[in-house]
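1. okay, predicted coordinates and the sequence, questions at the end:
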Amino acid sequence: MDDNKNKLIDLNTGIIDLSRKPANKAMSKIYVMRQKYSSILSASVKSAAEFIDLNIPQKTQIRIITTKSFNALSAIDLIARSSQIDEIYISVYAMNQASTDWLLSFFRDNAKTAGKIVLASFFQQTKRYQGWCENLIASKSDNLVVKFDRIHAKVFIAKTRDGRHFILEGSGNLSGNARIEQYIFENNEEVYNFHKKWMDDIT
């Protein structure tokens, strides 16, 4: 027990010490929500178009395992083709230059879409990823905010003009990869507001 006395989580008991605060004030809260679903669908897919059902009912969740290279930005593209997107929030651990270029181009071409991207602060400090981080920071876009924190969550949310609230959560970063990844896709205003709240708290 003594080895864990200065840790937020006691590894011996699994108890979370809520009296201790993480070093970063922005993420000093624990965010919790409960949601009952009327339907959960599952599938193994090869592309975003196979599971991004833009007519998905509220309180229905689609769970996916990808079997080929997949980039979550495909979801933005599919949604934008069907409706005006009013706002987009993205939390992701890492990106690459191609994804950065695509996002910056999207926000330039869609000036009415407000966006916020939260990335891992680690990538501000390592030379390997310095280029795309600098591009994001230097973008100076009026409709895009970029923040860095101790992020490992991969969450994408988008609110459309016609009142839909899309959420895509999963294991993949914003980069092409050949790994097997898992995702959850849904249209749910409560879950949307839950994720928007904690990302708004990162300033």
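-> Structure received.

2. figure out the length between the terminal residues of stretch 99-119.
-> This stretch, stretch 99-119, spans 13 Å end to end (CA to CA, to the nearest Å).

3. name the residues of it that are buried.
-> By neighbour count on 16 or more other CB atoms under 10 Å, the buried set for stretch 99-119 is 99-100, 102-104, 106-107, 110, 113-119. Backbone N, C-alpha and C define where each C-beta goes, glycine included.

4. just for the protein, where's the confidence low?
-> For the chain, applying pLDDT under 70 flags the ranges 1-28, 37-48, 68-70, 123-130, 175-178.

5. give the contact list for Glu181.
-> 65-66, 70, 170-172 (CB atoms under 8 Å, 6 or more residues apart in numbering).

6. for it, which non-adjacent residue is spatially closest?
-> Nearest non-adjacent residue to Glu181, counting by CB to CB, 6 or more residues apart in numbering: Gly172, 4.0 Å away.

7. let me know how buried that neighbour is, in neighbour terms.
-> Residues near Gly172, counting by other CB atoms under 10 Å, number 21.

8. measure it to Asp53 for me?
-> Distance, Gly172 to Asp53, by CB to CB, to the nearest Å: 19 Å.

9. again with Ile180
-> 21 Å.

10. now Lys147
-> 31 Å.

11. likewise for Asp162?
-> Taking CB to CB as the criterion, Asp162 is separated from Asp53 by 15 Å.

12. same thing with Val191?
-> Val191 is 16 Å from Asp53, by CB to CB.

13. the two: which has the busier surroundings?
-> Just comparing Val191 and Asp53: by other CB under 10 Å the higher neighbour count belongs to Val191, 21 against 15.

14. which of the three states applies to the closest residue to that one other than its chain neighbours?
-> Closest residue to Val191 apart from its sequence neighbours, by CB to CB, 6+ apart: Ile167 at 5.2 Å. Secondary structure, DSSP: H, G, I helix; E, B strand; the rest coil: Ile167 is strand.

15. tell me which residues touch Ile167, please.
-> Contacts for Ile167 (CB under 8 Å, 6+ apart) come out as 155-157, 184-188, 191-192, 195.

16. so which of these is the closest to Leu78?
-> Nearest to Leu78, judged by CB to CB, of the contacts of Ile167 is Phe185 at 10.6 Å.

17. mind listing what's buried in the helix or strand where that closest one lies?
-> Phe185 is located in strand 182-187, with elements delineated by DSSP states H and E. Residues of strand 182-187 classed as buried: 183-187 (neighbour count, 16+ other CB under 10 Å).

18. need the residue closest to the centroid of the protein.
-> For the chain, the residue nearest the mean C-alpha position is Val155 (2.0 Å; CA atoms, centre = their mean).

19. partners of the residue nearest to that one when sequence neighbours are not counted in the sheet?
-> What sits nearest to Val155 in space, not counting adjacent residues and going by CB to CB, 6+ apart, is Ser91, at 4.5 Å. Beta-bridge partners for Ser91, by DSSP bridges, are Val118, Val155.

20. ok, Ser91 to Ser83 distance?
-> For Ser91, the distance to Ser83 - CB to CB - is 22 Å.

21. and the two? which has more neighbours close in?
-> In terms of neighbours (other CB under 10 Å), Ser91 is the more surrounded of Ser91 and Ser83; the figures are 23 against 16.
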